[in-house]
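Participant: Here's a sequence, model it:
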Amino acid sequence: MTAFLFILFAGMAIGCAVAMVVQRNPLYSAIALIGVFLALACLYVMLAAPFIAAVQVIVYAGAIMVLVVFVIMLLNVEAEERQPLRLRALIPIAVTLAAIFFAETAFIIYFVQASPVSLRNVSDVGLTSSIGGGLFTTYLLPFEITSILLLMAIVGAMTLARTGGLLSPRAAVVPGDQVFSREMLNRRNVADLTPVITHSTDEAKELLGVRDEGEAE
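Facilitator: Below you'll find the predicted structure:
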């Protein structure tokens, strides 16, 4: 029964991975990737690692993939258009690497024998208690450094978003029909999202304070 379930979930993971690569629509590819994450979570459960399986579903299949799908739908990404292949050598290289990968997998399955390990030593592997104990004892410093790096990335992204100029003062072309918010036009109007509509390039340039190159200071 265990072997049947392993083959089932492994086949689901491989099938969804192939569908993710083959699909031309990015939304369908993201949905196929969710299937890969769910199949991996089932494999983690079979390996007696329920905490890792739960994290796989909550973090990857849940939060991250929801963000990816949201960005794809927000940008309105359409299906990829087929274009002539420029580097034709990539196809035989990909086939060769895939054959090597499957050969290694077959070698590991049929020829490598796992050394007998006492179940008493691995019974707590993947459980919440063992992972939490490792994070806050042996790997406490790397865990805290990772937290600081994530915090720095968030602060940096917010800083760039708040202080980044809308257009360069020396911009040569300013689109005409635009809708700006008062916060964009004047940083003092914090959280003022009142729309300001422009119907011509001259109106947009006047609001943004952009001057032509010929208008020297």
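Participant: would you list every one of the helices in this protein?
Facilitator: For the chain, helices defined by DSSP state H occupy the ranges 2-22, 26-46, 50-55, 65-75, 90-111, 119-122, 128-135, 140-163, 182-185, 201-208.
Participant: shaky segments in the chain?
Facilitator: Applying pLDDT under 70 to the chain picks out residues 77-87, 112-126, 161-217.
Participant: which of the helices of the chain is buried the deepest?
Facilitator: With neighbours taken as mean count of other C-beta atoms under 10 Å, those reach their highest mean count in helix 26-46, at a mean of 18. Using the backbone N, CA and C atoms, a C-beta is placed for each residue, glycine as well.
Participant: Give me the contact list for that one.
Facilitator: 2, 5-6, 9-10, 12-13, 15-17, 19-21, 23, 50, 52-54, 56-57, 60-61, 65, 68-69, 72-73, 77, 79-80, 126 (C-beta atoms under 8 Å, 6 or more residues apart in numbering).
Participant: what is the orientation angle of it with helix 65-75?
Facilitator: 180 degrees (axes from the mean of the first three to the mean of the last three C-alpha atoms, to 10 degrees).
Participant: Begin at 598 from now on, thanks
Facilitator: Yes, from this point I'll number from 598; that puts the last item at helix 623-643.
Participant: Taking helix 599-619 as reference, get the angle to helix 623-643.
Facilitator: 160 degrees.
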